[in-house]
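Colleague: I'd like to go over a predicted model; first the sequence, then the structure.
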Amino acid sequence: MARQTRQERRARRAQQEPALAGGPPQRPPVARPTAQGDSEPRRPQPGEERHLAGGPPPSGPTPRPTTSGDAEPRRPRADERHIPGSGPIHFVQESIAELKKVEWPSQKAVVSGTAVVLIACVIVGTYLWLNDQLWQYLVKHVVLR
């Protein structure tokens, strides 16, 4: 069985009776894009059962009636969303789209950040070198004497 979407889980919870008196505060439904590409939740088709509150939840998604009568699975339409991770070309397209959303730093910010990192490296390197020289002297002249 496929994993439930967030929308399906919310619909199932809305149909169940609240565990506490009064239940959780009711929020208006938020229209979000669905797998079909529209922004409204899918309405039941004629012939599909509607689940009533208080009864047992459905065991899985109700199959859509087919017009041709055969039992072949429904093929995805061209206007449906592309399945994430389904190809390297799609990956590159999504990567480019995400990189266009990035707010890149100015050249001045890059130069100042680089200067801070280099100065910090010099300070830490000097501290480690001095610490190494101190321990080298102590080991040679105190411990091995």
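Modeller: Looks like it came in fine. In this text, all values refer to a predicted model and were calculated from it rather than measured experimentally. Numbering: from 1, shown residues only.
Colleague: what's around residue 7, how many residues?
Modeller: When neighbours are defined as other CB atoms under 10 Å, residue 7 has 15 of them. Where you see a C-beta, it was placed from the backbone N, CA and C, and this is true even at glycine.
Colleague: for the protein, name the helix or strand with the lowest mean pLDDT.
Modeller: helix 6-15 (a mean of 85; mean pLDDT, DSSP states H and E).
Colleague: now it - C-alpha only, CSV.
Modeller: What follows is helix 6-15, C-alpha atoms only, in CSV (Å, rounded to 0.1, in the frame of the first residue of the first chain):
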residue,chain,number,x,y,z
ARG,A,6,-0.5,14.8,4.2
GLN,A,7,-3.9,15.7,2.8
GLU,A,8,-5.2,12.2,3.1
ARG,A,9,-4.0,12.0,6.7
ARG,A,10,-5.7,15.3,7.6
ALA,A,11,-8.9,14.1,5.9
ARG,A,12,-8.8,10.9,7.9
ARG,A,13,-8.2,12.7,11.2
ALA,A,14,-11.1,15.1,10.4
GLN,A,15,-13.4,12.2,10.0
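Colleague: which strands or helices does it pack on?
Modeller: Judged by 3 or more CB pairs under 8 Å, 6 or more residues apart in numbering; DSSP states H and E, helix 6-15 is in contact with no other helix or strand.
Colleague: tell me the first helix or strand C-terminal of it.
Modeller: Downstream of helix 6-15, the first helix or strand assigned by DSSP states H and E is helix 88-101.
Colleague: now the element after that next one, going C-ward?
Modeller: The C-terminal neighbour of helix 88-101 among helices and strands, as given by DSSP H and E, is helix 107-138.
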